[in-house]
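Q: task: produce atomic coordinates for the following.
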Amino acid sequence: MMSRRMACRVTAVLLAVAAAVPVGTATAAPGPPPPAGGRALTGPASPATAGRTTAGRTTVACAAGRGPYQRQVERWLRLAVDGRQSAADCEAVRAFQTRQGIKPANGYAGPVTWARMRLLSARTAPTDTGTEGASGDAAGPATGAVPDPASGSAAGPASGAATGGASGPAGGVVASGGCPVRSYRVACVDLKRQLTWVQKGGKTLFGPVAMRSGGAGHRTRTGWFRIYWKHKNHWSSLYNAPMPYAQFFSGGQAFHAVSGSIHTTGGSMGCVNLRLADARKLWSVLKTRDHVYVWGRRPGS
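A: Next comes the predicted model:
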């Protein structure tokens, strides 16, 4: 009798507790996934970029140190050019990075941000290398002659088709700071600005796009060349690596696609590296025997 009454009391207590819990609150429903293409950072935040989280979004803290392109970025953004990172500098750089989709947007004046600024400046006038829009980055004196490979007397090896070397005259002239404007297609490779494009007369047929040329000890050769071989699915036997959409213009040096970022400090082994989409498009623009003009010098090479 006693055990039956005890069981009844326990059952009554359990029923009362169950009745007090609202239906549907035992398990929390999973929240919606973050929207595709959102601005939230991916991966662990480093101490230099860790920030605060509000309303589900991570605000990246400003980078305290100056970047390797601090002065150039300040000049491009029309800030006071002193080469030092200030709070105002960081906010201005971070606003630019946010608009351009550069991540992390931490205000650091690094190679990706500076490359984007150079690209934006070159889009309006790629052949104008005396000034880069608002950057004011001078490209050298506006004097000098550049041999024109299509005007007559030889200014290079006669076997241009075999080596990709220039086989043309000392005829036409052009300002040494830019790419020659000719009536035929010219693939322009600006080593200083790390940009490449194709022009014919006054019309730009491709680009400009960012690129990566040869680093120290492996400089991309300068001068007039011609595309002498195209190999879409080329594999380098020297480096045991793929070279998609390879277009050779000087010995083993070629335009070709690479995986990963092209904005590295060390540079390539001499080739002109491009993003896959850019290399694919350039493949459709250039033909065998088209001219290539390379000038300048990669910073740090």
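Q: would you list every one of the strands in the stretch 151-300 of the chain?
A: For the stretch 151-300 of the chain, applying DSSP state E, counting those that start in this stretch gives strands covering 185-190, 195-200, 203-210, 223-226, 229-236, 241-250, 253-257, 272-274, 291-295.
Q: what mean pLDDT does stretch 182-190 have?
A: Average pLDDT, stretch 182-190: 96.
Q: do stretch 262-276 as well
A: 88.
Q: can you tell me what sits against that stretch?
A: Stretch 262-276 is contacted by residues 111-112, 115, 189, 196, 209-216, 218-221, 239, 243-245, 252-259, 282, 298, 300-301 when judged by C-beta atoms under 8 Å, 6 or more residues apart in numbering. C-beta here means a position set from N, CA and C on the backbone, and glycine is covered the same way.
Q: next, count neighbours for the residue nearest to Met211 when sequence neighbours are not counted.
A: Excluding its sequence neighbours, the residue lying closest to Met211 (C-beta to C-beta, 6 or more residues apart in numbering) is Thr196, at 4.7 Å. Thr196: 27 surrounding residues under other C-beta atoms under 10 Å.
Q: who does Thr196 bridge with?
A: For Thr196, the beta-bridge partners under DSSP bridges are Val189, Val209.
Q: ditto for Pro242
A: Under the criterion used here (DSSP bridges), Pro242 is bridged to Trp235.
Q: if I look at it, how far off is Gly267?
A: 19 Å (C-beta to C-beta, to the nearest Å).
Q: neighbour count winner among those two?
A: Between Pro242 and Gly267, counted using other C-beta under 10 Å, Gly267 has the larger neighbour count: 24 against 14.
Q: and the pLDDT at the closest residue to that one other than its chain neighbours?
A: Nearest residue to Gly267, sequence neighbours excluded (C-beta to C-beta, 6+ apart): Gly215, at 2.5 Å. Per-residue confidence for Gly215 comes out at a pLDDT of 85.
Q: please report phi then psi for Gly215.
A: Backbone torsions of Gly215, given as degrees, to the nearest 10, read phi -90, psi -170.
Q: thought it was touching Gln194?
A: No: under the criterion of C-beta atoms under 8 Å, Gly215 makes no contact with Gln194, lying 11.3 Å away.
Q: for Val292, see how far away the residue nearest to Gly267 is.
A: Taking C-beta to C-beta, one finds Gly215 at 20 Å from Val292.
Q: for Gly107, same thing?
A: Taking C-beta to C-beta, one finds Gly107 at 38 Å from Val292.
Q: try Phe248
A: Phe248 is 10 Å from Val292, by C-beta to C-beta.
Q: looking at the two, which one has more neighbours?
A: Higher neighbour count among Phe248 and Val292: Val292, with 29 against 24, using other C-beta under 10 Å.
Q: so what sits opposite the more buried one in the bridge?
A: Bridge pairing for Val292 - DSSP bridges - gives Ala187, Phe225.
Q: and the pLDDT at it?
A: At Val292, pLDDT is 97.
Q: so it touches Gly223, yeah?
A: No: contact criterion C-beta under 8 Å: Val292 and Gly223 do not qualify, at 9.1 Å.
Q: where does the prediction get shaky in the protein?
A: Residue ranges of the chain with pLDDT under 70: 1-59, 124-125, 127-177, 300-301.
Q: need the helices for it, in chain order.
A: Here the chain has its helices, by DSSP state H, at 2-20, 70-76, 87-100, 111-124, 160-163, 276-285.
Q: tell me the angle of the third one relative to helix 111-124?
A: Taking axes from the mean of the first three to the mean of the last three C-alpha atoms, to 10 degrees, one finds helix 87-100 and helix 111-124 inclined to each other by 60 degrees.
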